[in-house]
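K.L.:
Mind looking at a prediction? Sequence and model below.
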Amino acid sequence: MAWNTMLKAHAIAGDMDGAATHFAEMQLQRVPVNTRTFGKLIRCAAEAGQPEQAVRFLREHQQHGLASDLVSQTSVVDAFAKAGCPEEAETWLEALEGLGEDEVALGLLAAGYARLGKGFETRRCLERLLAAGAKPTSETWGLQASAWARQGETARAAHWLQEMVEMKLQPSSSTLAVLLSACAKSQDSQSAARIQSLCPQGAEMADGNDGDRAHPGHVYNAALQSASHSGEAEVKLKEMSDAKLKPNLLTYNSLKLGVGQGVVVVLV
């Protein structure tokens, strides 16, 4: 039990080297291994984004005569998705059909496509999730919005954010950061303003995860990056002041973009 507990610690930390060394010591000491042992090793490989290692331990798991469980195979899907290989992750997902359509694996696959800015593929995964009986959540809908943002389709990203709000799903701070950063990169102040208008004002935003909250000031600072490109930084700064939000270091950094384009602002 203590050996597996140590493996769990390595898995949580994503320490693949430490986990592999610990496993080698287990073999040297002839410590009996079980499904939990390999499950921790595969989970660790997934967290580290090392799909080859995940596949290796899954194969060893099977060679020990242990039946592959849904959790372990889902971790292999996660490993490929985290490594930026969602197509390979989807191949492994299809191998899970005999174990049933797994909502967790589909969500991990959608996240993998979203990180690469593949909007249509992300949408296909979400459609499969809904068909499997999953309900729309802030996380899944946020993946679709961020996928379009990373692809540079900021108007589409804003559209999906609006759908989220209409469905009473509050966007997470990470989703908003991706969307507003994309607007800044593409100098799309119109979509940035639309996104900002959809965010709750004067209150925290959350998607049910207490660790993912954003103060409205963060939203304004991100919007300032887009506004600086279009010469509208002063307008956004006034909105911050009207909302009783004090500028901080991020505010100043955002405004540097505007200064470079001849925008003059006074912070008081």
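P.N.:
Structure received. Residues are numbered from 1 along each chain as shown.

K.L.:
which residues sit against stretch 57-73?
P.N.:
33-35, 38-39, 41-42, 45, 76, 92, 95-96, 99-100, 102, 105 (CB atoms under 8 Å, 6 or more residues apart in numbering). Every residue, glycine included, has its C-beta placed from N, CA and C.

K.L.:
Tally up the residues packed near residue 28, please.
P.N.:
For residue 28, the neighbour count with other CB atoms under 10 Å is 8.

K.L.:
shift numbering so it begins at 842
P.N.:
All set: I'll call the first residue 842, so the last point we hit is now residue 869.

K.L.:
tell me the contacts of it?
P.N.:
No contacts exist for residue 869 under CB under 8 Å, 6+ apart.

K.L.:
now do residue 1035
P.N.:
Applying CB under 8 Å, 6+ apart, the residues near residue 1035 are 999, 1003.

K.L.:
before we move on, which element is it in?
P.N.:
helix 1030-1038 (DSSP states H and E).

K.L.:
Then residue 971?
P.N.:
helix 960-972.

K.L.:
Can you give the contact residues for that helix?
P.N.:
So helix 960-972 is contacted by 927, 942, 944, 947-948, 950-951, 954-955, 977, 981-982, 984-985, 988-989, 992, 994, 997 (CB under 8 Å, 6+ apart).

K.L.:
if we go to 7 Å?
P.N.:
Here helix 960-972 makes contact (CB atoms under 7 Å, 6 or more residues apart in numbering) with 927, 944, 947-948, 950-951, 954-955, 981, 984-985, 988-989, 992, 994, 997.

K.L.:
would you say residue 958 is within a helix?
P.N.:
No. Residue 958: not assigned to a helix; according to DSSP: H, G, I helix; E, B strand; the rest coil it is coil.

K.L.:
Tell me how far it lies from residue 934.
P.N.:
Residue 958 is 20 Å from residue 934, where distance means CB to CB, to the nearest Å.

K.L.:
and if you look at residue 863?
P.N.:
Residue 863 is 29 Å from residue 934, where distance means CB to CB.

K.L.:
which of the two has more neighbours?
P.N.:
Comparing residue 863 with residue 934 by other CB under 10 Å, the one with more neighbours is residue 934, at 24 against 19.

K.L.:
Closest to the centroid, which residue in this structure?
P.N.:
residue 952 (6.1 Å; CA atoms, centre = their mean).

K.L.:
I'd like to know which elements the strand or helix carrying that one is packed against.
P.N.:
Using DSSP H and E, residue 952 maps to helix 944-956. Judged by 3 or more CB pairs under 7 Å, 6 or more residues apart in numbering; DSSP states H and E, helix 944-956 is in contact with helix 911-923, helix 927-935, helix 960-972, helix 979-991.

K.L.:
List the buried residues of that helix.
P.N.:
The neighbour-count check on helix 944-956 (16 or more other CB atoms under 10 Å) flags 946-956 as buried.

K.L.:
Let me have those in JSON lines, extended by pLDDT and distance to residue 1025.
P.N.:
What follows is these, written out as JSON lines (pLDDT from 0 to 100; distance: CB to CB, whole Å):
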{"residue": "946", "pLDDT": "88", "distance to residue 1025": "33"}
{"residue": "947", "pLDDT": "90", "distance to residue 1025": "31"}
{"residue": "948", "pLDDT": "92", "distance to residue 1025": "28"}
{"residue": "949", "pLDDT": "91", "distance to residue 1025": "28"}
{"residue": "950", "pLDDT": "93", "distance to residue 1025": "28"}
{"residue": "951", "pLDDT": "94", "distance to residue 1025": "25"}
{"residue": "952", "pLDDT": "94", "distance to residue 1025": "23"}
{"residue": "953", "pLDDT": "94", "distance to residue 1025": "25"}
{"residue": "954", "pLDDT": "95", "distance to residue 1025": "23"}
{"residue": "955", "pLDDT": "95", "distance to residue 1025": "19"}
{"residue": "956", "pLDDT": "93", "distance to residue 1025": "19"}
